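S.K.: let's see this in three dimensions:
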Amino acid sequence: MQLPPERPFVLVCCFAMFQAASVIVPARKTWLAEWQFRALSRWQFLQETGLWNKREAVRLVFFAALSFIDALRQVTAQEEFQQKLRILIQSPASCLMVLASALAVITVSSGGLPATRDLVFKKFDSDNGRLAFVWLHTMRHSGDHPLPSDVIRAWNEHGSQVLGAAGFRAAHLHVVLPGGEQARPLVILTEPHFFQIMGIKPAIGAIPAVPGLILSYAAWSVLFHGDPRVIGSDVTIDQKTYPVTAVLPSQSQPLTRQPAIYLVSPRIERDDLFAVVRVKPGVSSWRLENELGKVAEDVTYYFLQGQLRVSFAQPAILTPLWSFAAAAVASGLLLMVVFRMNWRVFQPFTRQAGFFYAKTLLALACVFTACLEWSRSSSAILFGTFDPASGPFLLWLYIMGTMGVFFWTVMDQKARCRECLRLLAFPVRIGSPGTFLLDWSGTEFCCSEGHGVLHVPHMAPSWSDESDHWITLDDSWQSLFQQGDKKHPR
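M.R.: Alright, predicted model coming up:
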């Protein structure tokens with residue numbers, strides 16, 4: 001008598017997968033026996049025909065993995081599950097959970113909302129004066145234009161309202177690292193007192209007195225893998241070699257969050273520099289512009305009156321906040337006009353109002369953080385109009401986003417029950433548009449808990465103050481709605 005072949009380990013694993021998937025299946029025994037029989041029959045057939053091999057074993061495991069999908073389908077096909085799912089979708093808590101999940105996704109995908117944290121925690125101004133960026137904006141040519149280096153030196157030496165001025169220039173350049181690796185990071189040409197003006201001290205090394213390189217913490221981590229032995233090594237930038245002399249602290253990101261290498265030179269003779277200026281406390285923008293223009297005219301004979309542009313760093317950081325506030329106010333006023341809100345009947349301290357506040361604030365937080373993190377990304381440079389978060393495009397995004405949020409929240413609120421805040425269901429069309437002058441026509445929505453009925457007309461008359469009419473049902477109606485759902489009473 002020939003003994004049956006021993007079951008392979010793959011088949012045992014498949015049976016274990018069937019056991020795990022059957023936990024959620026309502027008719028567990030029947031479903032489990034069916035899948036086990038199908039897998040066993042397939043293995044016996046391949047074994048008897050001599051076609052059983054590793055490839056067929058992998059196919060059998062893939063077949064067993066499909067049992068989890070079938071088990072999930074068995075669960076979702078149940079009327080009880082679908083009823084619970086409908087209740088979950090209609091509930092106000094699910095709306096808030098979706099918005100909170102969207103905000104969490106934005107937080108994780110952006111790496112912890114770095115631009116938003118900069119807006120809250122980054123401080124350029126101190127008791128030692130205010131920080132400002134200066135560039136040229138001529139009448140003949142639009143856009144930002146650089147300044148000559150001798151003008152910046154004149155401001156540093158002769159400005160009575162200026163505590164210090166330094167020039168800088170940022171560009172992506174070809175860099176050869178000590179190990180021979182090549183990269184194209186952001187290289188910022190500047191002067192040694194630039195870091196004193198910014199209020200930054202190196203974490204490792206010192207500011208060079210001769211031409212040398214200072215690495216931002218991001219550049220040190222990404223390009224040099226955080227190796228402290230990089231101090232003293234040579235780096236080639238555009239076929240010129242410079243020693244690495246210092247690394248900035250991790251929290252010091254004066255111009256950008258992207259990896260940057262600061263090429264420090266004691267004296268810069270160029271005509272394409274932008275300026276960073278530390279101004280004495282209390283000096284206004286127009287007063288600073290007048291003095292800088294006068295010094296440029298008296299010392300270097302450049303007539304720049306009316307052509308200089310000054311942007312204080314701290315207001316530039318906070319510009320997205322004011323832009324969002326302006327967009328929210330404008331969208332709110334437009335919402336009041338479109339929906340003709342009657343604030344006399346609005347009750348601000350009810351459960352319905354609390355839900356409206358919560359979903360509106362969560363949706364606005366998603367719009368604010370998503371637009372800010374996308375526009376002021378790690379590759380953005382905080383300077384004048386080079387900062388995308390300070391331009392009109394972000395304001396346009398905020399206007400469109402806040403308008404969408406306000407209109408959605410109002411329409412969603414109108415589509416919910418006035419008592420339990422569930423989404424209304426069971427739409428029924430009544431009448432026809434042709435009977436507009438003689439009778440009412442529209443769609444009726446009922447609360448699944450029997451709290452009331454919402455009448456939405458197909459065409460709202462111009463004399464109607466409230467086109468959507470809500471009728472509250474008393475307790476005698478609720479038994480009718482609960483007959484088909486005794487397992488889930490209100």
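S.K.: and F9, how many neighbours?
M.R.: 9 (other C-beta atoms under 10 Å). Placement of C-beta: from N, CA and C, glycine included.
S.K.: how about the one 10 residues further on?
M.R.: If you count neighbours by other C-beta under 10 Å, Q19 ends up with 14.
S.K.: kindly report the same for F312.
M.R.: 20.
S.K.: for it, give the beta-bridge partners.
M.R.: In this structure, F312 bridges to A132 when assessed by DSSP bridges.
S.K.: isn't it right up against R130?
M.R.: Yes. Assessed by C-beta atoms under 8 Å, F312 is found in contact with R130 at 5.7 Å.
S.K.: in contact with the residue nearest to I231 when sequence neighbours are not counted, which residues?
M.R.: Excluding its sequence neighbours, the residue lying closest to I231 (C-beta to C-beta, 6 or more residues apart in numbering) is G205, at 4.9 Å. By C-beta atoms under 8 Å, 6 or more residues apart in numbering, the contact set of G205 is I214, I231, V244, T245, A246, V247.
S.K.: what about the third one, how many residues nearby?
M.R.: Going back to what we said before, that points to V244. 25.
S.K.: my hunch is that it is in a strand, does that hold up?
M.R.: Yes. Assessed by DSSP: H, G, I helix; E, B strand; the rest coil, V244 belongs to a strand.
S.K.: and it, what does it touch?
M.R.: Contacts of V244 (C-beta under 8 Å, 6+ apart): G205, G212, L213, I214, L215, V230, I231, G232, S233, D234, V235.
S.K.: surely the last one and L177 touch.
M.R.: Yes. Counting by C-beta under 8 Å, V235 sits close enough to L177 to count as a contact (6.2 Å).
S.K.: which one of these two has more residues nearby?
M.R.: V235 (22 against 17).
S.K.: in the helix or strand hosting the more buried one, what's buried?
M.R.: Using DSSP states H and E, the element containing V235 is strand 234-237. Residues V235, I237 are the ones in strand 234-237 that count as buried (16 or more other C-beta atoms under 10 Å).
S.K.: average pLDDT for that strand, rounded please.
M.R.: For strand 234-237, mean pLDDT is 93.
S.K.: what of stretch 311-319?
M.R.: Mean predicted confidence for stretch 311-319 is 88.
S.K.: follow-up on the earlier one: let me know the pLDDT of the residue nearest to I231.
M.R.: 92.
S.K.: so what's it bridging to?
M.R.: Bridge pairing for G205 - DSSP bridges - gives A246.
S.K.: quick check, R429 in a strand?
M.R.: Yes. Counting by three-state DSSP, R429 is part of a strand.
S.K.: quick one, what contacts it?
M.R.: G442, T443.
S.K.: so it versus H458, what's the distance?
M.R.: 9 Å (C-beta to C-beta, to the nearest Å).
S.K.: and for these two, which residues touch both?
M.R.: G442, T443.
S.K.: what about T443, which SS state?
M.R.: strand.
S.K.: show me what contacts it?
M.R.: So T443 contacts P427, V428, R429, I430, H455, V456, H458 (C-beta under 8 Å, 6+ apart).
S.K.: okay, it: pLDDT?
M.R.: So, for T443, pLDDT stands at 85.
S.K.: find the helix or strand that the residue nearest to R42 when sequence neighbours are not counted is a member of.
M.R.: Leaving out its chain neighbours, the residue that sits closest to R42 by C-beta to C-beta, 6+ apart is L60, at 6.5 Å. Per DSSP H and E: L60 is located in helix 54-76.
S.K.: what's that helix in contact with?
M.R.: 8, 10-11, 13-14, 17-18, 20-22, 24-27, 31, 35, 38-39, 42-43, 46, 81-82, 85.
S.K.: same deal with stretch 269-286?
M.R.: 127-135, 144, 146-149, 151-152, 155, 159, 161-169, 189, 194, 197-198, 288, 292, 310, 312, 383-384.
S.K.: buried among those residues? Make that a ChimeraX selection.
M.R.: For the buried members of the contacts of stretch 269-286, the matching ChimeraX selection, counting by 16+ other C-beta under 10 Å, is:
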select :129,130,131,132,133,134,135,146,147,148,149,151,152,155,159,161,162,163,164,165,166,167,168,169,189,194,197,198,288,292,310,312,383,384
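S.K.: just the ones of the contacts of stretch 269-286 in helices?
M.R.: S149, V151, I152, W155, F194, I197, M198, L288, L292 (DSSP state H).
S.K.: hang on, the third one packs against R169?
M.R.: Translated: I152. No. I152 is beyond contact range of R169, at 11.2 Å (criterion: C-beta under 8 Å).
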